[in-house]
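Chemist: Okay, predicted coordinates and the sequence, questions at the end:
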Amino acid sequence: MRAGAEVATGAAWRRLALNALTAFTLLFLLAPIVVVILLSFSSGRYLQFPPPGFSLQWYERFFNDPQWMTSLWLSLRVSGMCTLFSLVLGVLASIVLVRERFPAKTAAYVLILAPLIVPGIIIAIAVFFLFARLDMIGSPIAMALGQTVLTLPLVVVIVSATLQGFDQRLEQAAIILGASPLRAFFHVTLPIISPGVISGALFAFLSSFDELLVALLLASPTTMTLPVRIWTSVTMQIDPTITAVSSLLIAFAVAVLSTAGILRRGRG
């Protein structure tokens, strides 16, 4: 009995230590985010913590500043195009990788996923030299295509995982009943795998919206995405407006990730 009690006590202490370590880790990760959010509501004229009072002045400045608004709309345009490119290419690539068998299948899969492994600065430099030769520096389309290289692997991974659980006999039954392969895909396969496709689109949009390196090298003085504008504000001057922008980006990321989680639960 005594040995059993000692074992139970030891297990309780280990569980308590694990919970304490988990809480400390979460606090360590969340502390900078909380500080930024608190600073975004500061009534001070410069960055100081703790804030001297509560104010929405930095949010007002952000929404009333034409430069910040231009960068915001540019980021939305670039991210929207990037998401569209990633979805079209990612869904097609996922279908081929999951359903087809060909000698270079593993090599093709590794090549598509390479941007997840290769440092982002290398890809950004390569994209820069490519579009510099094409005289497309500052072009939103160039930014979207460059960021597609980074977001495409995310879509392929998510959609491929969804297709792995799809019963292909449903699509074959539709074809047997007279539907063309394309119609069977759009009316049978796509609705079933839509949660995975939408999740891939959300992650692609979020990744593109937050991308800095590619946008930084392809930006021009008149075309700066929101992350590039933030980077410029941090390096050139410490503008407290960046705290409000950062808080909005945090809220946006949380909303996207929550939506993706809801979709995954719905698919389950």
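Modeler: Thanks, I have the structure now. Numbering: from 1, shown residues only.
Chemist: which helices and strands does the helix or strand residue 27 falls within pack with?
Modeler: Take DSSP states H and E as the rule and residue 27 turns out to sit in helix 2-40. Where contact means 3 or more CB pairs under 8 Å, 6 or more residues apart in numbering; DSSP states H and E, helix 2-40 is packed against helix 241-267. Where C-beta positions appear, they are placed from N, C-alpha and C, glycine not excepted.
Chemist: Could you list the buried residues of the helix it packs on?
Modeler: 241, 242, 243, 244, 245, 246, 247, 248, 249, 256, 260, 263 (16 or more other CB atoms under 10 Å).
Chemist: In CSV, list these along with distance to residue 160 and pLDDT.
Modeler: CSV is the format used below for these (distance: CB to CB, whole Å; pLDDT from 0 to 100):
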residue, distance to residue 160, pLDDT
241, 41, 80
242, 37, 82
243, 39, 82
244, 38, 83
245, 34, 84
246, 33, 83
247, 35, 85
248, 32, 84
249, 29, 83
256, 21, 77
260, 16, 70
263, 16, 66
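Chemist: which among those residues gets closest to residue 180?
Modeler: Relative to residue 180, the closest of the buried residues of helix 241-267 is residue 263; by CB to CB it sits at 28.4 Å.
Chemist: Backbone torsions only: list them for residue 141.
Modeler: Note on residue 141: its backbone torsions stand at phi -70, psi -40 [degrees, to the nearest 10].
Chemist: Please give me every residue in contact with it.
Modeler: Contacts here follow CB atoms under 8 Å, 6 or more residues apart in numbering; on that basis residue 141 touches residue 81.
Chemist: go on, residue 63?
Modeler: residue 69.
Chemist: For it, give its distance to residue 57.
Modeler: 11 Å (CB to CB, to the nearest Å).
Chemist: re earlier: is it possible to get TSV of the buried residues of helix 241-267 that adds distance to residue 144?
Modeler: As requested, the buried residues of helix 241-267 are exported to TSV (distance: CB to CB, whole Å):
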residue	distance to residue 144
241	26
242	24
243	28
244	26
245	21
246	23
247	26
248	22
249	19
256	18
260	21
263	24
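Chemist: farthest pair in the residues you listed?
Modeler: 241 and 263 (33.2 Å).
Chemist: The spatially most central residue of the chain and residue 158: what is the separation?
Modeler: A centroid search over the chain (CA atoms, centre = their mean) returns residue 207, at 2.7 Å, as the residue closest to the centre. Using CB to CB, residue 207 is found at 12 Å from residue 158.
Chemist: now residue 57
Modeler: Relative to residue 158, and taking CB to CB, residue 57 is found at 40 Å.
Chemist: hang on, the earlier thing: go through the helix holding residue 27 and flag the buried ones.
Modeler: For helix 2-40, by 16+ other CB under 10 Å, it's 36, 39, 40.
Chemist: What angle do helix 2-40 and whichever helix or strand comes after that helix make with each other?
Modeler: Remark: after helix 2-40, the chain's next helix or strand is helix 57-64, criterion DSSP H and E. Orientation check (axes from the mean of the first three to the mean of the last three CA atoms, to 10 degrees): helix 57-64 against helix 2-40 gives 60 degrees.
Chemist: Quick check: what element follows helix 57-64 along the chain?
Modeler: Next in line after helix 57-64, if elements are assigned by DSSP H and E, sits helix 66-99.
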